[in-house]
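Asker: 3D, please:
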Amino acid sequence: MLRRALAIAEASYGPEHPEVATALNNLAMLLYATNRLKEAEPLLRRALAIDEASYGPKHPNVARDLNNLATLLKATNRLKEAEPLLRRALAIYEASYGPEHPNVARDLNNLATLLYATNRLKEAEPLLRRALAIDEASYGPEHPNVAIRLNNLSSLLQDTNRLKEAEPLLRRGLEILVAFTRATRHQHPHLQAVVDNYIDLLRALGRSKAQIRATLRALGPELFSG
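Answerer: Okay, the predicted model is just below:
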């Protein structure tokens with residue numbers, strides 16, 4: 001269906017139209033999700049070229065394309081190639097939407113994740129803290145996006161041996177996801193990963209199995225009754 005949509009867009013608008021870029025992106029992300037990264041990459045590069053020609057190099061659609069291509073490059077371990085794309089996308093969103101927009105928080109998190117993966121934790125930390133502050137202001141302090149930012153910042157703190165600083169952040173993130181699960185009656189997709197991270201952190205802090213079980217029961221007795 002997505003290939004047909006692409007063919008229709010090309011026939012209707014011509015091969016260099018922004019609608020074609022959108023169709024290319026959609027098809028490429030499906031290929032990405034089904035682990036056909038070699039097929040996806042040229043589609044993403046073509047979409048980027050079309051949107052740059054159509055809108056100019058500083059348009060939000062170009063930032064979207066840059067993000068998509070950078071995600072693929074990260075997945076194929078081409079981090080050096082991905083980094084300038086992420087930095088460029090971040091700059092575009094900051095200029096287009098302002099420095100406190102949720103899209104900026106997302107891109108800060110994406111760039112911080114890459115810096116983290118390349119062992120530049122000092123560079124990554126202020127980006128993660130800024131992303132957290134933006135999402136708290138944008139969505140409120142109890143939003144699941146805030147929980148994800150707290151989890152990421154906590155992981156960095158753990159890796160820099162600041163376990164006591166990491167624990168309240170990760171506990172807060174877990175409380176947010178437990179509250180989400182109770183309110184919606186659907187488990188948040190990141191809940192189990194955050195639970196596992198919190199258990200590992202408590203172990204690193206020297207908590208016993210009994211203490212960990214008690215802590216989890218207090219956080220969510222209906223979820224952590226084991």
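Asker: So which helix or strand of this structure has the lowest pLDDT on average?
Answerer: helix 2-13 (a mean of 87; mean pLDDT, DSSP states H and E).
Asker: Looking at this protein, which helix is longest?
Answerer: helix 163-184 (DSSP state H).
Asker: how about that helix: buried residues?
Answerer: 163, 166-167, 169-178, 180-181 (16 or more other CB atoms under 10 Å). (Glycine included, C-beta is placed from N, CA and C.)
Asker: next one: stretch 3-19
Answerer: So stretch 3-19, judged by 16+ other CB under 10 Å, has buried residues 6, 9-10, 18-19.
Asker: Residues in contact with that stretch: which ones?
Answerer: Under the contact criterion CB atoms under 8 Å, 6 or more residues apart in numbering, stretch 3-19 has outside partners 20, 22-24, 26-27, 50-51, 53-55, 61.
Asker: filter those residues to the buried ones?
Answerer: Buried among the contacts of stretch 3-19 by 16+ other CB under 10 Å: 20, 22-24, 26-27, 50-51, 54, 61.
Asker: nearest to His188, of these?
Answerer: Taking CB to CB as the measure, His188 sits nearest to Asn26 out of the buried ones among the contacts of stretch 3-19, at 26.0 Å.
Asker: From Glu39, how far off is the closest one?
Answerer: According to CB to CB, to the nearest Å, Asn26 stands 14 Å off from Glu39.
Asker: which sections of the chain are below the confidence cut-off?
Answerer: 222-226 (pLDDT under 70).
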